[in-house]
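>>> got a predicted structure plus its sequence, pasted below:
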Amino acid sequence: MLYEHAIDEEIAQMDEDIEASQKALQVSEIQVPLRSLMRGCITIDITASTQDAIDLLIEYRIGAASVVENKKIRGIFGERDVLRKILNKQINDLTNIPVTQFMKVDPQTAKPDDMLDTAVLYMAKGGFRHLPIVNDEQQPIGMVSIRDVISYLVDFFPQEVLTLPPNPIRDALKAREGA
């Protein structure tokens, strides 16, 4: 109960700060097409080994890549697949294991003309951090990550983000306990 009250207080304070801000995010500003946020598309061929896929992620310093067959998206492979499906197993040689064994099959995708709020909804409901952007032929043409979304949104609230305490809810709880 104490935690719920502290969270409610923190949310109320954040709402007041947002209202007081001179630069508020308008609904129309979240209606940005994903083409304006997406990054270039790095793909992994469906015949690649898991080691080749990991090497590609490291080389390009990306969190996920689309897995393609005949230029069409068939899956997505990312750092979470490595963490959750590979690191906890005793696998000696990833060069002989196809990426298909660990990739997410038939991932959620979006079109370049879909809006930012669509991407946020997909990511929140699906619990993933990378959304492949595809053309009408289901060929990957880009990727939007949660980092891209956050970077875009932070541009509208720089003061609020920069002045947040490191642990806003924890700080609210301490303040309440001291009162």
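Perfect, I can see it now. Keep in mind the model is a prediction, meaning the values are calculated, not measured.

>>> hey, let's count contacts and neighbours off CA atoms from now on
Will do.

>>> could you measure the closest residue to Asp113 other than its chain neighbours against Ile133, distance?
Spatially, and ignoring its direct neighbours in sequence, Asp113 is nearest to Pro33 (5.0 Å; Cα to Cα, 6 or more residues apart in numbering). Pro33 sits 11 Å away from Ile133, going by Cα to Cα, to the nearest Å.

>>> go on, Asp148?
Distance from Asp148 to Ile133, counting by Cα to Cα: 13 Å.

>>> compare these two (neighbour count), which wins?
Per other Cα atoms under 10 Å, whichever of Asp148 and Ile133 has more neighbours is Ile133, with 28 against 16.

>>> any idea how many residues pack against Gln90?
The burial count assigned to Gln90 is 7, neighbours taken as other Cα under 10 Å.

>>> just Gly126 next, same as before
If you count neighbours by other Cα under 10 Å, Gly126 ends up with 11.

>>> next, it: phi, psi?
Backbone geometry at Gly126, expressed as degrees, to the nearest 10, gives phi -90, psi -20.

>>> surely Arg39 and Val144 touch.
Yes - using Cα atoms under 8 Å, Arg39 and Val144 qualify as a contacting pair, with a distance of 6.4 Å.

>>> circling back to that earlier point, my read: the residue nearest to Asp113 touches Pro112, true?
Yes - because the distance of 6.4 Å satisfies Cα under 8 Å, Pro33 is recorded as touching Pro112.

>>> neighbour-wise, which of Arg39 and Val144 wins?
Val144 (25 against 16).

>>> what pairs with the more buried one across the strands?
The partner list for Val144 in beta bridges (DSSP bridges) reads Leu131.

>>> let me know how buried Leu34 is, in neighbour terms.
Other residues near Leu34 come to 23 when the count uses other Cα under 10 Å.

>>> quick one: contacts for the closest residue to it other than its chain neighbours?
Leaving aside its sequence neighbours, Leu34 sits nearest to Pro112 (Cα to Cα, 6+ apart; 5.1 Å). Contact partners of Pro112, counting by Cα atoms under 8 Å, 6 or more residues apart in numbering, are 33-35, 133-135.

>>> quick check, nearest of those residues to Ala119?
The shortest gap between Ala119 and any of the contacts of Pro112 belongs to Leu34, at 7.8 Å (Cα to Cα).

>>> look up how far Ala53 lies from the closest one.
For Leu34, the distance to Ala53 equals 25 Å [Cα to Cα].

>>> now swap in Arg35 and tell me
Arg35 sits at a distance of 25 Å from Ala53 (criterion: Cα to Cα).
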